[in-house]
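Q: structure of the sequence below:
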Amino acid sequence: MRIGQLAEQVGLSTKTIRFYEDSGVLPEPDRADNGYREYEQPSVDRLRFIRDAQTAGLTLSEIATILELRDRGEDSCHHTVAMLEGHLVEVDRQLDELQRTKVRLTEMIGRGRNLDPAECDDPNRCQMISNDRLS
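A: Numbering: from 1, shown residues only. Have a look, this model is predicted:
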């Protein structure tokens, strides 16, 4: 199949597929006599894996390490689990940070609802947002 057909089948743009080829995560396909790329089913499967792995939060570099192991016929399970665990730790850290931000925003909103606009006399800041006004 040609690149346009492949792109449609896997839900990616032809530009993205070419980028993956340039990055080395998708092997360059054979070319027909007319120079057009000719893709086979393994390219479909590989692109679907790449897309799914990115959806799970893996970077293209991380995906490449999994594919390199698989291409060598090696087991990638432990390697993949370790990467996913690392991403889970990062997601938990981000959730904690978002929770702290939520608390701070809630405090600011509460303070803003109780502020008298006549007290807002500093032209360089909003008292609602100022850290020294948090209580």
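Q: mind checking how far the residue nearest to the spatial centre of the chain is from residue 63?
A: Residue closest to the mean C-alpha point of the chain, counted by CA atoms, centre = their mean, is residue 57 at 4.9 Å. Counting by CB to CB, to the nearest Å, the gap from residue 57 to residue 63 is 11 Å. In short, each C-beta sits where N, CA and C put it, glycine included.
Q: for residue 11, same thing?
A: 17 Å.
Q: so for the two, which residue has more residues nearby?
A: When neighbours are counted by other CB atoms under 10 Å, residue 11 and residue 63 differ, and residue 63 comes out ahead with 23 against 10.
Q: my guess is the more buried one contacts residue 25. True?
A: Yes - with contact defined as CB atoms under 8 Å, residue 63 reaches residue 25; the gap is 6.0 Å.
Q: find the residues that touch each one of these two.
A: Jointly contacting residue 63 and residue 25 under the rule CB atoms under 8 Å, 6 or more residues apart in numbering are residue 50.
Q: any buried residues in whatever helix or strand residue 5 lives in, and which?
A: Assigned by DSSP states H and E, residue 5 belongs to helix 3-10. Applying a neighbour-count criterion of 16 or more other CB atoms under 10 Å, one finds 3, 6-7, 10 buried in helix 3-10.
Q: can you add pLDDT and give the residues you listed back as TSV?
A: TSV is the format used below for the buried residues of helix 3-10 (pLDDT from 0 to 100):
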residue	pLDDT
3	94
6	96
7	96
10	96
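Q: pLDDT at residue 111, what is it?
A: Here the pLDDT value assigned to residue 111 is 85.
Q: again but with residue 29, I slipped
A: Residue 29 carries a pLDDT value of 92.
Q: ok, it - contacts?
A: So residue 29 contacts 37-40, 43 (CB under 8 Å, 6+ apart).
Q: of all those, which two lie farthest apart?
A: Greatest spacing in the contacts of residue 29, by CB to CB: 37 and 40 (10.7 Å).
Q: which one's more surrounded, those two?
A: The residue with more neighbours, out of residue 37 and residue 40, is residue 37; 19 against 11, by other CB under 10 Å.
Q: phi first, then psi, for the nearest residue to that one once chain neighbours are set aside.
A: In space, and not counting its chain neighbours, residue 37 is closest to residue 29: 4.7 Å by CB to CB, 6 or more residues apart in numbering. Here is the backbone geometry of residue 29 (degrees, to the nearest 10): phi -80, psi 170.
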